[in-house]
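Novice: This is the structure alone, sequence omitted:
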């Protein structure tokens, strides 16, 4: 079955609430999914049948690079996956699952946060949202969820995207620390490590290319929301989750890694040119010595 994809609100959000569970899957690891989460068309329905390797279950492509779908029955998330669970007001509030693994070195674990989101219709009640690195739990009425689903899902997916970016920056920072000697004083070992260095530099560039998109709603939420009301709710929720401060920290760390690898790739390029020039000079000297030896042999041979 071809999935019916919407980026933004959908007539099925109430059904997602009724099923009590949303599965959240990261799409960014596969380049073939890029056309889904970079569509920038809030509320527009799309047919993913033409997208190679697209998910086969009905769902929603978040502009933050996630695929949101609901299983037929509530189910636990797969290893490393994320879930959003629901409860009606008065039921056990629950809590999001813990992060499946210890945070990478250099990443500070973020505490679980609980915030209240006011519904535009006072009679619908509010949405109580509990979010952590492993998932989220929503306490709401179906009417309040339907009214607030778009900005809530955008903020949740941005929160988790920042968590993934944090982990990637921590990984690249660790590599950068290990490559400082190559950046300061390149040598033969730098040439041996050039494939890994080039791959790390490529990962940094890929991160920096996508970063403005993932941070975009904090600057201008309107391209990511279908209405002014949704944009205002998102801005309020982003402030409560302190996403802007998190974004600034990410920018600072990403720029430091980018500067390191720019210097490193420049040094690597210069050293490779130097090595080739040195090798060429050695070959020329060898050829001249060989010709001289042959000339001496011919001159003094009996």
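Specialist: That came in fine, so what should we check first? Just so it is clear, the structure is predicted and the values come from calculations on it, not from any experiment.

Novice: helices and strands of this structure: which one has the lowest mean pLDDT?
Specialist: strand 45-47 (a mean of 39; mean pLDDT, DSSP states H and E).

Novice: what ranges do the helices span in the stretch 51-200 of the chain?
Specialist: 142-178, 180-184, 188-192, 194-219 (DSSP state H, counting those that start in this stretch).

Novice: Can you add mean neighbour count, mean pLDDT and distance to residue 88 and give the ones you listed back as JSON lines?
Specialist: Where C-beta positions appear, they are placed from N, C-alpha and C, glycine not excepted. Putting these into JSON lines (neighbours: other CB atoms under 10 Å; pLDDT from 0 to 100; distance: least, CB to CB, whole Å) gives the following:
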{"stretch": "helix 142-178", "mean neighbour count": "22", "mean pLDDT": "88", "distance to residue 88": "8"}
{"stretch": "helix 180-184", "mean neighbour count": "15", "mean pLDDT": "55", "distance to residue 88": "55"}
{"stretch": "helix 188-192", "mean neighbour count": "13", "mean pLDDT": "56", "distance to residue 88": "61"}
{"stretch": "helix 194-219", "mean neighbour count": "16", "mean pLDDT": "85", "distance to residue 88": "29"}
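
Novice: how about those in a markdown table, adding distance to residue 261?
Specialist: Output for the helices of the stretch 51-200 of the chain, formatted as a markdown table (distance: least, CB to CB, whole Å):
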| stretch | distance to residue 261 |
| --- | --- |
| helix 142-178 | 7 |
| helix 180-184 | 8 |
| helix 188-192 | 13 |
| helix 194-219 | 4 |
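
Novice: For residue 249, which of these is the nearest?
Specialist: Proximity to residue 249 (CB to CB) singles out helix 142-178 among the helices of the stretch 51-200 of the chain, at 8.5 Å.

Novice: and the closest one with helix 194-219, angle?
Specialist: 150 degrees (axes from the mean of the first three to the mean of the last three CA atoms, to 10 degrees).

Novice: follow-up on the earlier one: of all the helices of the stretch 51-200 of the chain, which lies closest to residue 293?
Specialist: Closest of the helices of the stretch 51-200 of the chain to residue 293 is helix 188-192, at 28.9 Å (criterion: CB to CB).

Novice: So which bits of stretch 235-246 are buried?
Specialist: By neighbour count with 16 or more other CB atoms under 10 Å, stretch 235-246 contains the buried residues 235, 237, 238, 241, 243, 246.

Novice: Any chance of a markdown table for the residues you listed, columns distance to residue 204, secondary structure and pLDDT?
Specialist: Converted to a markdown table, those look like this (distance: CB to CB, whole Å; DSSP: H, G, I helix; E, B strand; the rest coil; pLDDT from 0 to 100):
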| residue | distance to residue 204 | secondary structure | pLDDT |
| --- | --- | --- | --- |
| 235 | 30 | helix | 94 |
| 237 | 30 | helix | 94 |
| 238 | 26 | helix | 95 |
| 241 | 26 | coil | 94 |
| 243 | 23 | helix | 95 |
| 246 | 19 | helix | 94 |
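
Novice: Quick check: the two most widely separated of these?
Specialist: 235 and 246 (14.9 Å).

Novice: Could you list the low-pLDDT ranges of the stretch 201-302 of the chain?
Specialist: 264-279, 281, 292, 295-299, 301-302 (pLDDT under 70).

Novice: Recalculate using a threshold of 90.
Specialist: Residues of the stretch 201-302 of the chain that meet the criterion pLDDT under 90 lie in 201-209, 223, 225-227, 255-302.
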